[in-house]
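Student: dropping a prediction and its sequence here:
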Amino acid sequence: MMKSIVITSGKGGVGKTTVTACLGRALADLGKRVVLIDADFGLNNLDVVLEKENRVVYDIADVIANKCRVRQALVECDDRNLYLLPSAHGYLGEKVTAQNIRVILNSLAVTFDYVLVDCPAGIEAGFSRAVGACDSALVVTTPHISALRDANKVITLLSSYKITPTVVVNRVRGDLLAEGKIPSKDEIESVLKARVDGIIPETDGVYGFAEMPKKPFELLAKRIHCGTGEPLDPAASYRGFWGGIRRRLKRGK
Ligand SMILES: Nc1ncnc2c1ncn2[C@@H]1O[C@H](COP(=O)(O)OP(=O)(O)OP(=O)(O)O)[C@@H](O)[C@H]1O
Ligand SMILES: [Mg+2]
């Protein structure tokens with residue numbers, strides 16, 4: 001049965017769109033058929049992150065207005081298992097409801113294994129539209145207090161949609177984790193009272209989705225699809241004697 005997952009956070013800029021794209025690619029690499037839906041209608045950028053903005057012909061509002069069929073609006077993303085349904089442009093976007101998106105998800109259920117819905121920041125209309133269409137959620141946060149507070153609020157809100165989300169911690173610096181300067185996976189799990197399914201390291205110097213490391217998302221995809229394995233430990237190479245030296249070198253940078 002197809003699984004729909006909304007990628008949400010509350011706080012803006014923590015990596016929802018990045019996680020949507022990279023997790024989508026990892027699930028496609030597992031042989032699953034995946035559609036990414038850009039539900040950030042105001043500030044859509046999943047098409048740009050995937051470098052497919054020039055290939056967009058129809059968008060989700062065109063599908064809802066019956067201007068095209070959903071298959072015609074899907075943009076293939078290099079991998080034949082991975083497709084993008086672009087965001088609504090123009091005023092029609094405001095009129096899209098969770099029910100509209102659900103109808104689209106139902107029509108995709110015959111052919112696809114996963115739909116990942118990239119949610120806008122905030123907890124307003126765009127949030128309820130995206131969340132109301134899905135039956136599970138991933139909450140993206142960073143290990144910083146302001147993001148964790150928002151993640152906490154969103155997790156509480158999701159329970160009113162009868163959704164028990166799991167968490168992805170993004171932008172984790174292994175050196176700071178090894179030094180105990182940012183909260184560990186266990187601490188985050190106990191603060192948020194939710195399971196951490198993914199840990200994504202801070203990737204300085206990486207430009208664009210194509211360059212993002214694949215391993216942490218491979219592990220996340222396996223957790224989601226098979227329920228097995230552990231998230232990446234970005235602190236692993238910063239522990240012990242040589243790790244201490246690596247930490248000092250990193251600090252000196
Ligand atoms: N693990 C990471 N390491 C380094 N930079 C990252 C990481 N994840 C995301 N970024 C960068 O952070 C910025 C924001 O990421 P992204 O657009 O995915 O966040 P978002 O939550 O979708 O934002 P918005 O709320 O505006 O939709 C981007 O420039 C992205 O490249
Ligand atoms: Mg985004």
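Tutor: Yes, it's here. Ligands and ions are numbered 1, 2, ... in the order given.

Student: show me where the stretch 1-150 of the chain has helices.
Tutor: Using DSSP state H, counting those that start in this stretch, the helices of the stretch 1-150 of the chain run over 16-29, 46-49, 60-64, 70-73, 98-108, 125-131, 145-159.

Student: from the ones you listed, which stretch is densest packed?
Tutor: helix 16-29 (a mean of 25; mean count of other CB atoms under 10 Å). Using the backbone N, CA and C atoms, a C-beta is placed for each residue, glycine as well.

Student: how about the contacts made by the closest residue in space to residue 236 that isn't next to it in sequence?
Tutor: Among residues not flanking residue 236 along the chain, residue 174 sits closest, at 7.2 Å (CB to CB, 6 or more residues apart in numbering). The contact partners of residue 174, taken as CB atoms under 8 Å, 6 or more residues apart in numbering, are 201, 233, 234, 235, 236, 237, 238.

Student: distance of residue 207 relative to residue 40?
Tutor: 21 Å (CB to CB, to the nearest Å).

Student: would you confirm that residue 247 contacts residue 175?
Tutor: Yes - if you go by CB atoms under 8 Å, residue 247 and residue 175 touch, sitting 4.6 Å apart.

Student: please say which of those two ends up with more neighbours.
Tutor: Neighbour comparison, residue 247 and residue 175: the larger count goes to residue 175, with 22 against 19 (by other CB atoms under 10 Å).

Student: how near is that one to residue 28?
Tutor: In terms of CB to CB, residue 175 sits 32 Å off from residue 28.

Student: would you map the strands across the stretch 151-253 of the chain?
Tutor: For the stretch 151-253 of the chain, strands defined by DSSP state E, counting those that start in this stretch occupy the ranges 166-172, 196-201.

Student: gap between the last one and the chain center?
Tutor: If you compare the mean C-alpha spot of strand 196-201 with that of the full chain, they lie 11 Å apart, counting by CA atoms, centre = their mean, to the nearest Å.

Student: and ligand 1, which of the helices of the stretch 1-150 of the chain is closest to it?
Tutor: When the helices of the stretch 1-150 of the chain are compared by CB to the nearest ligand atom, helix 16-29 sits nearest ligand 1, at 3.3 Å.

Student: any idea of the mean pLDDT in that closest one?
Tutor: When pLDDT is averaged along helix 16-29, the result is 97.

Student: that helix to strand 196-201, inter-axis angle?
Tutor: 110 degrees (axes from the mean of the first three to the mean of the last three CA atoms, to 10 degrees).

Student: spell out which parts of the stretch 101-250 of the chain neighbour ligand 1.
Tutor: For the stretch 101-250 of the chain, the contact set with ligand 1 under CB under 6 Å from any ligand atom comprises 121, 170, 171, 200, 202, 203.

Student: any idea which of the residues you listed has the most stuff around it?
Tutor: Among these, residue 200 has more neighbours than the rest - 27 neighbours, counting by other CB under 10 Å.

Student: was I right to think that one contacts residue 167?
Tutor: No - applying CB under 8 Å as the test, residue 200 and residue 167 come out as separate, 11.3 Å apart.

Student: quick one: contacts for residue 152?
Tutor: So residue 152 contacts 191, 192 (CB under 8 Å, 6+ apart).

Student: can you rerun that using 7 Å?
Tutor: Residues counted as contacts of residue 152 (CB atoms under 7 Å, 6 or more residues apart in numbering) are residue 192.

Student: state the pLDDT value of it.
Tutor: 98.
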